[in-house]
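Chemist: What shape does this take:
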Amino acid sequence: MTPKAKETGASKPSATPPPAETAPKPAAGAGAAGAPRADGAEGSRQRGAQLRRLLATGDWAAMVAALCAATAATSSANVATLFWAVLFSPVWVLVVKLHGLYDHDHRRIRHSTLDELPALVSASALGTLALDGLLALTPAGALSPSTAILVGVLVFAGTFVARGSLRFLWQRLTGVATGLVIGPAESADRVSRRISTHPEARLRLAGYLAPEGEKSAAAGLPRLGSIADISRIAQEHSVERVIVTEQEMSESAAERLIEECKAAGLGLTFLPQHYGLLGPGIELNRLAELPVLDFRFSDPPRSTVAMKRAMDAVLSALVLVLFSPLMAAITALILIDSGRPVLFRQLRAGKDGKPFTMIKFRTMVADAEERLAELVDLNELEEPAFKIPDDPRVTRVGRFLRRTSLDELPQLINVLGGSMSLVGPRPEEEAIVALYDERQRARLAVKPGVTGPMQVYGRSDLTFEERLAMERDYLDNLSIASDLAILLRTPGAIVRGEGAY
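Modeler: Reported below is the predicted structural model:
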């Protein structure tokens with residue numbers, strides 16, 4: 001379950017650019033292109049190679065384990081088949097490599113095992129077919145269809161678990177990388193907030209580079225100098241990745257910076273100009289040497305919508321049955337702590353703004369809605385959202401339920417009935433939706449969800465615009481894979497408890 005559908009229904013609620021043509025100054029001991037061979041970058045390069053080898057070993061071990069398990073579970077496989085299968089098992093690592101699954105950790109600013117789900121499904125199918133084809137050339141012969149399917153399922157599950165576990169242990173042992181932002185304080189703040197809501201980025205910002213004349217300062221980030229000092233600062237702070245938010249940098253200055261970072265082995269991430277227009281529903285393609293951005297504007301395919309509804313019905317029914325003893329215990333706790341009613345019901349805006357009655361366990365005093373005016377004036381809100389970190393209306397049991405998101409278990413009844421989905425934008429109160437402008441109403445294009453992008457990336461600590469941007473990302477790329485990724489990320493968000501109130 002997720003954070004936090006309040007009884008109130010409310011959600012939680014320019015600097016001068018650096019000189020465009022200034023290029024970084026080469027430091028002593030610079031590489032071929034004038035860039036320093038910083039310890040941080042060199043260490044990052046070595047750790048990247050070590051992680052790739054570790055992941056490859058884990059992938060191979062997952063395939064061997066899948067073959068052994070399938071051999072033990074089926075009568076059609078024997079020791080001879082297992083011998084030849086293990087002998088050819090490195091082909092699985094080759095298939096994973098061809099899917100590019102060893103290269104993303106070092107190249108991308110943000111990457112997690114959950115992002116690999118679609119590619120792992122494809123690799124598992126192709127890897128099993130490749131292995132079965134090689135076995136057909138041996139005296140043992142090919143696997144039976146049932147055994148091959150079992151191997152494919154087991155290798156997918158084993159590889160996913162192995163990769164997630166290895167990355168978790170690796171990150172705990174090696175720590176986070178150090179990053180540096182180039183751009184004004186306002187942009188540095190924005191990047192810092194995004195990184196804080198995406199822990200899988202595994203990045204700690206040392207500071208930002210901006211001109212001396214800039215008056216504003218980034219909250220929590222020190223100004224370390226100007227872009228001309230990047231070589232020295234990268235060495236001093238063992239920087240491994242540079243994030244460029246500067247919009248006025250010329251093409252020639254950008255090319256020089258790219259060469260500096262390339263020679264130093266630094267990861268480099270550019271925020272494109274007008275990035276607010278470049279939503280996730282675009283693809284980067286090429287016309288010969290010309291890079292082009294293709295925008296796609298279409299509703300989700302009917303097959304995706306049908307599969308999403310089927311998943312909602314099956315999983316919500318299953319969880320309701322499995323958690324029924326827990327829900328009975330919560331009912332008893334609420335009755336003992338604050339009496340009736342146990343459930344809280346409120347009209348919320350559903351798909352296309354159509355109202356529906358959302359239900360959840362009551363976590364506030366019975367007259368919470370009447371007391372809302374004492375705490376918040378909806379007509380004075382700067383944005384159509386608000387948050388009350390220490391809401392005095394929350395009961396003792398309610399605080400625990402909110403912190404663990406157990407209060408939202410009854411929303412699965414809404415999912416089963418079809419008014420909500422397991423994954424989607426957070427359901428909002430009608431009074432708040434009435435304050436939306438046309439752009440903000442776009443979040444009502446699908447059914448609201450029990451969990452969603454807002455709930456797994458920041459919860460109530462997000463501003464409304466940050467939340468809207470994440471929900472736009474979800475809407476523009478709606479798929480079963482993205483729903484599964486959010487569902488799998490939800491328990492981690494609940495455990496971290498950030499923004500849960």
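
Chemist: in stretch 117-136, what's buried?
Modeler: 117, 120, 123-128, 130-132, 134-135 (16 or more other C-beta atoms under 10 Å). C-beta: built from backbone N, CA, C; applies to glycine.

Chemist: tell me which of these is nearest to residue 333?
Modeler: For those, the closest approach to residue 333 (C-beta to C-beta) belongs to residue 117, at 36.5 Å.

Chemist: Quick check: the gap between the closest one and residue 409.
Modeler: Residue 117 sits 26 Å away from residue 409, going by C-beta to C-beta, to the nearest Å.

Chemist: picking up where we left off before, got the buried residues of stretch 117-136 as JSON lines, with pLDDT, distance to residue 228 and secondary structure columns?
Modeler: Converted to JSON lines, the buried residues of stretch 117-136 look like this (pLDDT from 0 to 100; distance: C-beta to C-beta, whole Å; DSSP: H, G, I helix; E, B strand; the rest coil):
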{"residue": "117", "pLDDT": "88", "distance to residue 228": "43", "secondary structure": "helix"}
{"residue": "120", "pLDDT": "94", "distance to residue 228": "44", "secondary structure": "helix"}
{"residue": "123", "pLDDT": "94", "distance to residue 228": "45", "secondary structure": "helix"}
{"residue": "124", "pLDDT": "95", "distance to residue 228": "49", "secondary structure": "helix"}
{"residue": "125", "pLDDT": "94", "distance to residue 228": "52", "secondary structure": "helix"}
{"residue": "126", "pLDDT": "95", "distance to residue 228": "49", "secondary structure": "helix"}
{"residue": "127", "pLDDT": "95", "distance to residue 228": "49", "secondary structure": "helix"}
{"residue": "128", "pLDDT": "94", "distance to residue 228": "54", "secondary structure": "helix"}
{"residue": "130", "pLDDT": "95", "distance to residue 228": "52", "secondary structure": "helix"}
{"residue": "131", "pLDDT": "94", "distance to residue 228": "55", "secondary structure": "helix"}
{"residue": "132", "pLDDT": "92", "distance to residue 228": "59", "secondary structure": "helix"}
{"residue": "134", "pLDDT": "94", "distance to residue 228": "57", "secondary structure": "helix"}
{"residue": "135", "pLDDT": "92", "distance to residue 228": "61", "secondary structure": "helix"}
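
Chemist: Just the buried positions in the host helix or strand of residue 261, please.
Modeler: Using DSSP states H and E, residue 261 sits within helix 251-264. Under the neighbour-count criterion of 16+ other C-beta under 10 Å, helix 251-264 has 253-254, 256-257, 259-261, 263-264 buried.

Chemist: any idea how far that helix is from the chain center?
Modeler: 29 Å (C-alpha atoms, centre = their mean, to the nearest Å).

Chemist: re earlier: got the buried residues of helix 251-264 as JSON lines, with pLDDT and distance to residue 140 columns?
Modeler: Output for the buried residues of helix 251-264, formatted as JSON lines (pLDDT from 0 to 100; distance: C-beta to C-beta, whole Å):
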{"residue": "253", "pLDDT": "83", "distance to residue 140": "62"}
{"residue": "254", "pLDDT": "84", "distance to residue 140": "57"}
{"residue": "256", "pLDDT": "85", "distance to residue 140": "59"}
{"residue": "257", "pLDDT": "85", "distance to residue 140": "56"}
{"residue": "259", "pLDDT": "85", "distance to residue 140": "54"}
{"residue": "260", "pLDDT": "82", "distance to residue 140": "55"}
{"residue": "261", "pLDDT": "83", "distance to residue 140": "51"}
{"residue": "263", "pLDDT": "79", "distance to residue 140": "51"}
{"residue": "264", "pLDDT": "77", "distance to residue 140": "51"}
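
Chemist: out of those, who's nearest residue 404?
Modeler: residue 261 (43.4 Å).

Chemist: any idea how far that closest one is from residue 255?
Modeler: Residue 261 is 11 Å from residue 255, by C-beta to C-beta.

Chemist: cool, residue 104 as well?
Modeler: Using C-beta to C-beta, we find residue 104 at a distance of 25 Å from residue 255.

Chemist: what's the nearest residue to the residue of the chain most remote from its centre if we skip its chain neighbours?
Modeler: Distance from the centre of the chain peaks at residue 139, with 46.6 Å (C-alpha atoms, centre = their mean). Excluding the flanking residues, the one nearest residue 139 by C-beta to C-beta, 6 or more residues apart in numbering is residue 80, at 7.1 Å.

Chemist: Can you read off the pLDDT for the one you found?
Modeler: You'll see residue 80 listed with a pLDDT of 87.

Chemist: Sketch out the helices for the stretch 51-200 of the chain, chain order is fine.
Modeler: In the stretch 51-200 of the chain, the segments counted as helices under DSSP state H, counting those that start in this stretch are 79-88, 90-98, 104-107, 117-135, 145-174, 185-197.

Chemist: Columns distance to residue 479 on top of those helices, output as CSV?
Modeler: Shown next, in CSV, are the helices of the stretch 51-200 of the chain (distance: least, C-beta to C-beta, whole Å):
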stretch, distance to residue 479
helix 79-88, 33
helix 90-98, 22
helix 104-107, 19
helix 117-135, 8
helix 145-174, 17
helix 185-197, 21
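
Chemist: Now tell me which of those the model trusts least on average.
Modeler: helix 104-107 (a mean of 78).

Chemist: quick one: buried residues of that helix?
Modeler: With the criterion 16+ other C-beta under 10 Å, helix 104-107 contains buried residues 105-106.

Chemist: List of residues touching it?
Modeler: For helix 104-107, contacts defined as C-beta atoms under 8 Å, 6 or more residues apart in numbering pick out 44, 48, 51-52, 111, 115-116, 167, 267.

Chemist: Would you mind listing the two of those residues that lie farthest apart?
Modeler: Every pair of those checked by C-beta to C-beta; the farthest is 44 and 116, at 20.8 Å.

Chemist: On the three-state scheme, residue 212 is what?
Modeler: Of the three states, residue 212 takes coil under DSSP: H, G, I helix; E, B strand; the rest coil.

Chemist: Adding distance to residue 97, write the buried residues of helix 251-264 out as a markdown table.
Modeler: Compiled in a markdown table, the buried residues of helix 251-264 are given as follows (distance: C-beta to C-beta, whole Å):
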| residue | distance to residue 97 |
| --- | --- |
| 253 | 36 |
| 254 | 31 |
| 256 | 33 |
| 257 | 31 |
| 259 | 28 |
| 260 | 30 |
| 261 | 25 |
| 263 | 26 |
| 264 | 27 |
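
Chemist: just those now: which is nearest residue 484?
Modeler: Closest approach to residue 484 among those (C-beta to C-beta): residue 261, at 34.9 Å.

Chemist: Can you give me the distance of that closest one to residue 223?
Modeler: Counting by C-beta to C-beta, the separation of residue 261 from residue 223 is 20 Å.
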